[in-house]
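S.K.: all I have is the shape, not the residue letters:
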């Protein structure tokens, strides 16, 4: 019902999250900080983040246990040159050539190893995993 650039982000965030949940890859261009909220929105929906710099969540959060130490387990990193106007087909082709088995493994890592570490469990929930609060207190 929306044209290409008319997603109602502010009024209906669930629409944006649904789009992320239906995507396999979520592009994470550089923002005003090394890691943007969009990275975590993507991860929470099971979408594989595609970074264009190593100065992102990889360096910022991995040392503290929120994300796996090996970024290749859950994300793709491409050079900024690979997304210029002249290289768009190369960039898209690269993503299309990723084997389905690798994509599935990355999605499993996001679902079972990352999401539990970046959410906060309800105080009365009996969880068997360490949530974001547990990890934050550990470090």
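M.R.: Structure received. This one's a predicted model, so the numbers in the text were calculated from it and none came from an experiment. Residues are numbered from 1 along each chain as shown.

S.K.: do a quick rundown of the strands in the protein.
M.R.: 25-28, 48-51, 76-77 (DSSP state E).

S.K.: nearest to residue 41, out of these?
M.R.: strand 25-28 (8.0 Å; Cβ to Cβ). For every residue, glycine as well, the C-beta is placed using N, CA and C.

S.K.: what's that closest one in contact with?
M.R.: Outside strand 25-28, the residues that touch it by Cβ atoms under 8 Å, 6 or more residues apart in numbering are 20, 36, 38-39, 42, 45, 47-52, 56, 76, 95.

S.K.: which one of those sits closest to residue 130?
M.R.: Among these, residue 39 lies closest to residue 130 (Cβ to Cβ), at 20.2 Å.

S.K.: was I right to think the closest one contacts residue 60?
M.R.: No. The criterion here is Cβ atoms under 8 Å, and residue 39 misses it with residue 60 at 9.5 Å.

S.K.: which of these two has more residues huddled nearby?
M.R.: residue 39 (23 against 15; other Cβ atoms under 10 Å).

S.K.: how far away is the more buried one from residue 26?
M.R.: In this view, residue 39 and residue 26 are 8 Å apart by Cβ to Cβ, to the nearest Å.

S.K.: mind listing what residue 105 touches?
M.R.: residue 73 are the contacts of residue 105 under Cβ under 8 Å, 6+ apart.
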